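In: below are the sequence and a predicted model for it; my questions follow.
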Amino acid sequence: MYVVVEQPKFGYLIYNQTLQYPENFSQEDIIKGLVSYTAYSNFSASDTFIFKVFSNKKENNDQFQNQLVGSTVFQIFIKSEEEPLMCSSILQAI
């Protein structure tokens, strides 16, 4: 499970083609292409979001356990008028 620690500053993450700020998403969501990024209009530079990776197990209070990776910065390079960036091809290597 990917848990978003800090949302992008110059755009937003999209889950299942719906404007949202997902707090978490799974590897299966990435493989299915359900997670993407869209930059604010006419923005051309780079952006980042920060996430942690946990196992899918939850404790009684719905907190994820077994953190697998510390906070990780995911950098996004943006060209103006670019199609939404699908995270699937990039995050699959993790």
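Out: It's in.

In: now do the end-to-end distance for stretch 20-33.
Out: 15 Å (C-alpha to C-alpha, to the nearest Å).

In: ok, now stretch 39-54?
Out: Termini of stretch 39-54 sit 27 Å apart (C-alpha to C-alpha).

In: in that stretch, what counts as buried?
Out: Ala39, Asp47, Phe49, Phe51, Lys52, Val53, Phe54 (16 or more other C-beta atoms under 10 Å). (Glycine included, C-beta is placed from N, CA and C.)

In: stretch 6-25 too?
Out: Buried, per 16+ other C-beta under 10 Å, within stretch 6-25: Pro8, Gly11, Tyr12, Leu13, Ile14, Tyr15, Pro22, Phe25.

In: rewinding a little: which of the buried residues of stretch 39-54 lies closest to Val3?
Out: Nearest to Val3 out of the buried residues of stretch 39-54 is Lys52 (C-beta to C-beta; 4.9 Å).

In: remind me which helix or strand the closest one belongs to.
Out: Assigned by DSSP states H and E, Lys52 belongs to strand 46-54.

In: Provide the strand pairings for that strand, with the direction of each partner.
Out: Counting by DSSP bridges, the strands paired with strand 46-54 are strand 2-6 (antiparallel), strand 67-77 (antiparallel).

In: where among those strands is the average confidence lowest?
Out: For the strands paired with strand 46-54, mean pLDDT drops lowest on strand 67-77, to a mean of 64.

In: shaky segments in the protein?
Out: 44, 56-94 (pLDDT under 70).

In: ok so, going back, could the buried residues of stretch 39-54 go into CSV alongside distance to Tyr2?
Out: Below are the buried residues of stretch 39-54 laid out as CSV (distance: C-beta to C-beta, whole Å):
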residue, distance to Tyr2
Ala39, 20
Asp47, 17
Phe49, 10
Phe51, 5
Lys52, 8
Val53, 6
Phe54, 8
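
In: mind picking the two most distant members of the residues you listed?
Out: Across these (C-beta to C-beta), the longest gap, 27.4 Å, separates Ala39 and Phe54.
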